[in-house]
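Visitor: Build me a model:
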Amino acid sequence: MDAGDYDWYMALHKYLVDDQGMSQEDVDEFFTNMASNAAFLTGHTSVRQLLVAGEYHVMASDYSYGVQAALEDGAPIAWQPPVEPLFARPNGVALAQGGQNPAGGILFYDWILNAGQEVLKSVNVDPVRADLASTGDADLRLLDVEVFLEEEEMWVQAYDELALMGEAPKG
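Guide: Alright, predicted model coming up:
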């Protein structure tokens, strides 16, 4: 498990309680069981490389673009069909205040939100356009960044406590 997956933990926790109707006690037991049988490492890329190398058999969360790239490079790894629901972390694009070429930034905005979406897809980064998505009709849920930021301290503390139950990394 990635040691910094606080937002994933919150999203999955809320899904299990709110959508699946699990009790708080059942969700705590679920995560305790998961954590006590897991190694917590930092960095999705590093964890994925260890998975591909055979050090681990499964990874709790990863980015589809990284798994797809490893798969295309011949790694014995897969993510399709996806385990649902999928949790997407929204990313943004913004202009830096006081930039030397704001008009160039606006042109970049236009490109990244239009033709650039196909470029993102070509490098396995999930675009925002539904017609280019690689997730098909999978249950895709956007992480509520506003809620996460409001509750971040609580989720970080709870996930860090889970990580203490995990095994020491191999090797």
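Visitor: where does this protein have low pLDDT?
Guide: In the predicted model, the chain carries pLDDT under 70 at residues 168-171.
Visitor: which stretches of it form helices?
Guide: For the chain, the helices defined by DSSP state H cover 6-14, 24-36, 44-52, 64-72, 102-113, 115-122, 145-165.
Visitor: I'd like those as JSON lines, with distance to residue 93 appended.
Guide: Yep, even glycine has a C-beta here, placed from its N, CA and C like the rest. Compiled in JSON lines, those are given as follows (distance: least, Cβ to Cβ, whole Å):
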{"stretch": "helix 6-14", "distance to residue 93": "19"}
{"stretch": "helix 24-36", "distance to residue 93": "34"}
{"stretch": "helix 44-52", "distance to residue 93": "21"}
{"stretch": "helix 64-72", "distance to residue 93": "17"}
{"stretch": "helix 102-113", "distance to residue 93": "6"}
{"stretch": "helix 115-122", "distance to residue 93": "9"}
{"stretch": "helix 145-165", "distance to residue 93": "15"}
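Visitor: Tell me which of the ones you listed sits most buried.
Guide: Sort those by mean neighbour count, taking mean count of other Cβ atoms under 10 Å, and helix 6-14 sits at the top with a mean of 21.
Visitor: So what touches that helix?
Guide: When contacts are defined by Cβ atoms under 8 Å, 6 or more residues apart in numbering, helix 6-14 is touched by residues 2, 27, 31, 60-61, 87, 89, 141, 143-145, 147-148, 151-152, 155-156, 158-159, 162.
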